[in-house]
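[1] I'll drop the sequence and a predicted model, then ask my questions.
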Amino acid sequence: MFGQSPQKRIDKLIQRAEAMSPSPAQVALFEDAIALADKHASLYEQLQFRIELLEAAVFSGEITKMLDTFYWCLAKIDENPEEFSDSVLIWPYKWVIDHLSRFPDKSLEVIHAAYEDFTRRLKAAGCGMRSIYYLRWRNSLRMGNLADATEHFALWKRTSPDRYADCAACEINSEAEYYLAMGETEKGILTAGPITQGGMSCGEIPHLTYALLLRPLVRLGRIDQARAMSEKGWELVRGDAAYTTEAGEHLLLQTRLGEFQVAADFAEEMLPLVGRSETPYAHVLTCDSLSLYFEKLAAAPEGTPRPGSGKTKRRGRREPPQDLDPAEQAARFRAEVDPLVEAFNRRNGNSCLADQLAEKRKFLETP
């Protein structure tokens with residue numbers, strides 16, 4: 001390929017990338033093509049390839065690359081308004097805003113400036129406000145601003161869907177999450193019914209939904225339903241760095257139920273993914289689940305199955321497992337959690353994340 005012209009090399013890289021599903025390998029191919037395009041192609045092609053990279057990056061869990069690429073595209077479009085329309089970035093802008101709150105170094109001022117800019121661009125494009133209402137209540141829920149979440153949830157419910165609305169499955173999952181966060185457990189579980197009982201799905205659903213409902217079901221005493229949901233849900237998220245938070249929920253359920261062999265299998269599959277979580281928010285939730293699990297394991301009787309014992313059944317194991325000390329692992333993951341919790345709480349101006357993690361601990365410690 002290196003004997004070919006730059007344009008042919010670019011074309012082949014793009015063709016290979018477009019033939020792949022989202023993955024780090026696909027992202028790498030787009031980046032190679034962009035590096036060549038920046039030297040040999042037009043600004044239009046540079047922009048077009050980066051727009052393709054945005055989708056590859058967000059669905060591969062390469063969120064920092066997605067953010068950097070998006071702001072490059074936005075700057076170039078704003079510099080050349082007669083050549084390009086910013087409408088091509090409205091959907092990617094949703095990904096950006098949805099992820100900003102998951103980084104503790106993104107201040108509230110930065111997040112609110114993004115809300116205002118996105119709203120202005122929606123109005124200029126003749127779009128409705130449903131997507132910004134949706135993003136605001138989801139972010140506010142994540143950051144512990146329940147008053148703002150409640151206000152924008154109500155606005156979202158009153159606004160008709162438009163072409164920039166999320167798919168029906170994602171919106172139902174998010175609505176269920178809202179009710180659960182507000183303490184309306186039964187309503188949250190019922191809202192998720194079209195997914196859990198009706199078969200509604202998309203690329204991320206029911207992966208997220210099954211994990212979301214495990215602890216609420218146990219709190220209502222519906223243990224068998226939680227077990228069945230975990231059995232199905234684990235197969236959807238296992239071994240995927242994009243779903244380490246959800247894998248952690250399955251791990252906690254098995255630990256709470258005393259299924260230490262299953263929990264050891266789950267933990268051993270999760271351990272290689274630590275550090276590959278999409279965002280700091282996902283990382284802190286994943287590490288917290290692992291720390292709580294290892295704390296329980298450290299207090300369990302001698303002979304309890306544990307990761308690295310050689311007795312687990314991790315899929316695709318190629319190397320002999322390393323025997324792991326549970327107390328050391330619990331401390332290791334807690335050391336990852338505590339500074340991030342402090343950073344998020346400082347940015348949010350509340351103890352929202354610390355409170356969420358306290359609820360996880362309470363769930364695991366309840367008989």
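    That came through, no problem. Residues are numbered from 1 along each chain as shown.
[2] Pro104: neighbour count?
    Neighbourhood size, Pro104 [other Cβ atoms under 10 Å]: 21. (Glycine included, C-beta is placed from N, CA and C.)
[3] that one against Val341, yeah?
    No. Using Cβ atoms under 8 Å, Pro104 is not in contact with Val341; the gap is 9.2 Å.
[4] Phe363 versus the residue nearest to Asn348 when sequence neighbours are not counted, what's the distance?
    Once flanking residues are discounted, Asn348 sits nearest to Met143: 4.5 Å by Cβ to Cβ, 6 or more residues apart in numbering. Distance of Met143 to Phe363, given as Cβ to Cβ, to the nearest Å: 22 Å.
[5] Gln261 too?
    From Gln261 over to Phe363 (counting by Cβ to Cβ), the distance is 20 Å.
[6] who's more crowded, those two?
    Phe363 (19 against 15).
[7] OK, contacts around the more buried one?
    By Cβ atoms under 8 Å, 6 or more residues apart in numbering, the contact list for Phe363 reads 215, 218-219, 252, 256.
[8] contacting residues around Glu249?
    Contacts of Glu249 by Cβ under 8 Å, 6+ apart are 211-212, 214-215, 289.
[9] now do 10 Å
    208, 210-215, 230, 233-234, 237, 243, 285-286, 289, 360, 363 (Cβ atoms under 10 Å, 6 or more residues apart in numbering).
[10] next one: phi and psi at Pro92?
    Note on Pro92: backbone dihedrals following degrees, to the nearest 10 are phi -60, psi -30.
[11] isn't it up against Leu74?
    Yes. Counting by Cβ atoms under 10 Å, Leu74 is a contact partner of Pro92 at 9.0 Å.
[12] the more surrounded of these two?
    Remark: of Pro92 and Leu74, Pro92 carries more neighbours, 20 against 17, as counted by other Cβ under 10 Å.
[13] pLDDT score assigned to the closest residue in space to that one that isn't next to it in sequence?
    Distances taken as Cβ to Cβ, 6+ apart place Leu54 nearest to Pro92, at 4.7 Å, with adjacent residues excluded. The model reports Leu54 with a pLDDT of 97.
[14] does Leu54 lie in a helix or a strand, and which?
    Secondary structure from DSSP states H and E places Leu54 in helix 43-58.
[15] can you pull the buried residues of stretch 102-115?
    For stretch 102-115, the neighbour count (16 or more other Cβ atoms under 10 Å) marks 102-104, 106, 111, 114-115 as buried.
[16] what of stretch 29-45?
    Here stretch 29-45 shows 29-34, 36-37, 41, 45 as buried, counting by 16+ other Cβ under 10 Å.
[17] per-domain residue ranges of this protein.
    The chain is divided into the following domains under automatic domain parsing: 168-235, 238-315+322-367.
[18] using CSV, lay out the ones you listed together with mean pLDDT.
    Output for these, formatted as CSV (pLDDT from 0 to 100):
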stretch, mean pLDDT
domain 168-235, 97
domain 238-315+322-367, 93
